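J.: build me a model from this:
(one chain, ligands or ions: 1)
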Amino acid sequence: MEKTQETERDNGVAAVTQQQTFKDGSICGYDSLHSLLSANLKPHIFQEVSRLLLGLNCGKALELLSLPESVKALSSEHDFDLQAFRFCADKEFLREPRVVRVGLIQNSIALPTTAHFSEQKRAIFQKLKLIIDAAGASGVNILCLQEAWTMPFAFCTREKRWCEFAEPINGESTQFLQELAQKHNMVIISPILERDVHHGDTLWNTAVIIGNHGNIIGKHRKNHIPRVGDFNESTYYMEGDTGHPVFETAYGKIAINICYGRHHPLNWLAFGLNGAEIVFNPSATVGELSEPMWPIEARNAAIANSYFVGSINRVGTETFPNPFTSGDGKPQHADFGHFYGSSHFSAPDASCTPSLSHHKDGLLISDMDLNLCRQLKDKWGFRMTARYELYAEMLSRYLKPDFEPQVVSDPLLHKKPS
Ligand SMILES: NC(=O)NCCC(=O)O
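T.: Residues are numbered from 1 along each chain as shown. Modelled structure (predicted):
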């Protein structure tokens, strides 16, 4: 028996090691968990597994959306993953459906981190333009890019030279996207490293919201800054000071919960209380640290807050010129690990799309009838059954220096044996 357990444990270790040998970042040679299952399960088993993993929308598996041939051709020619789905809602008597087409883009950097900064940026812009045009040609109304999309995610290094990538809200990347937003009549969310030139050149991790006329609607600064693993972002910028804004756009009410904020349920809640219908979670996160959490947190937020969530993660492994340590006694290294992509949408009815590729650039598109948000509020009544007054009272007590946790101890615990 001992022996068997040992062997099982060995097998587990072997499996993990084997996974790490897929240097291209694929899942055992497949683009995604969904494609792995689809290729290896009998169709009727795959259908049932998909129902369990992805849920049902209006009682059915998510419908596929058909996209223009020209867009499909672009995706094969330039080797980016392209997937499209439709979330339906029930038909209502008094409201017309409110269908909006939403897109997410995940991408790797385009040049090595040793290239001249302006070249790195230019190459990313060039690569992104093509995918943004593909989104535009597909009729996307709202498009969100990944966290700090203009640069490598260099915050692991703690080197200050990467601050050069920071831009003011109306800087180069915003101007580049303003043109595309206008061209495609599309709202674009652009998460960048911001330099606030009006407040002492301070840095922020910020999402700029560009309206479909190419105007700047506003910005949101990342609320929660990680201090975990190699995510040394607190070396660069502070916690955001913009609260939980919801942006009313031509296509719906949207909010942005940047990366690490997804671990904080109250952060998600606040966007919901302000009326968000779609919350985007532009991210940069790596496999070893967060992959088991990734499919759960956003989906849970969509359910608990009766809104849609669009989760985006970058792809690839970014290697930096100078090695750094993680403060854990392990050897120094020059990369962050593998950014595992896997961008996806979650809906308030607990259904979700399959994920984009684990290792390739990608564009995920989904139609969503925003009527589904209120329909789920009516069905489950989470807003009405929540006990906000209890939570508010608890939080206000917790914030006081004399707070004492409400713990009722078993009186027998401390009783001396007679
Ligand atoms: N970019 C970022 O906040 N990453 C933190 C790691 C995580 O939340 O998975």
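J.: do I have it right that Ile254 meets Ile142?
T.: Yes. Using C-beta atoms under 8 Å, Ile254 is in contact with Ile142, at 6.5 Å. Quick note: C-beta positions are derived from backbone N, CA and C, even for glycine.
J.: so what sits against both of these two?
T.: 187, 189, 278 (C-beta atoms under 8 Å, 6 or more residues apart in numbering).
J.: and stretch 272-283, C-alpha only, in CSV?
T.: The C-alpha coordinates for stretch 272-283 follow below in CSV (Å, rounded to 0.1, in the frame of the first residue of the first chain):
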residue,chain,number,x,y,z
GLY,A,272,-21.7,46.0,-9.3
LEU,A,273,-23.3,48.4,-6.8
ASN,A,274,-22.4,51.2,-9.1
GLY,A,275,-24.4,49.5,-11.8
ALA,A,276,-21.8,47.7,-14.0
GLU,A,277,-23.2,45.4,-16.7
ILE,A,278,-19.8,44.2,-17.9
VAL,A,279,-16.7,44.2,-15.8
PHE,A,280,-13.4,43.6,-17.6
ASN,A,281,-10.4,42.0,-15.8
PRO,A,282,-7.3,42.8,-17.8
SER,A,283,-4.5,40.7,-16.3
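J.: please renumber the chain so that the first residue is 818 from this point on.
T.: All right, first residue 818 from here; so that's stretch 1089-1100.
J.: lowest average confidence across helices and strands of the protein, where is it?
T.: Ranked by mean pLDDT, DSSP states H and E, the weakest helix or strand in the chain is helix 819-837, scoring a mean of 41.
J.: quick one, helices of the chain?
T.: 819-837, 850-857, 860-871, 886-894, 934-954, 989-1001, 1082-1090, 1104-1107, 1111-1122, 1188-1197, 1199-1202, 1205-1215 (DSSP state H).
J.: what helices or strands is the last one leaning on?
T.: Going back to what we said before, that points to helix 1205-1215. Judged by 3 or more C-beta pairs under 8 Å, 6 or more residues apart in numbering; DSSP states H and E, helix 1205-1215 is in contact with no other helix or strand.
J.: then the second one?
T.: When contacts are defined as 3+ C-beta pairs under 8 Å, 6+ apart, helix 850-857 packs onto helix 860-871.
J.: got the contact list for the nearest residue to Gly1057 once chain neighbours are set aside?
T.: Nearest residue to Gly1057 in three dimensions, chain neighbours excluded: Arg1038, at 3.0 Å (C-beta to C-beta, 6 or more residues apart in numbering). Applying C-beta under 8 Å, 6+ apart to Arg1038 gives the contacts 1011, 1021-1024, 1057-1059.
J.: nearest to the ligand among the residues you listed?
T.: Asn1022 (7.9 Å; C-beta to the nearest ligand atom).
J.: next up, the contacts around the closest one.
T.: 964-965, 1008, 1010-1011, 1038-1039, 1042, 1050, 1053-1054, 1057, 1075.
J.: report the buried members of those.
T.: 964-965, 1008, 1010-1011, 1038-1039, 1042, 1050, 1053-1054, 1057, 1075 (16 or more other C-beta atoms under 10 Å).
J.: and the residues you listed near the ligand, which?
T.: Glu964 (C-beta under 6 Å from any ligand atom).
J.: could I get the buried ones among the contacts of Asn1022 in CSV, plus columns for distance to Asn857 and pLDDT?
T.: Converted to CSV, those look like this (distance: C-beta to C-beta, whole Å; pLDDT from 0 to 100):
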residue, distance to Asn857, pLDDT
Glu964, 33, 98
Ala965, 36, 98
Pro1008, 35, 99
Leu1010, 41, 98
Glu1011, 44, 98
Arg1038, 44, 98
Lys1039, 39, 98
Ile1042, 40, 98
Glu1050, 38, 97
Tyr1053, 43, 98
Tyr1054, 44, 98
Gly1057, 43, 98
Ile1075, 36, 98
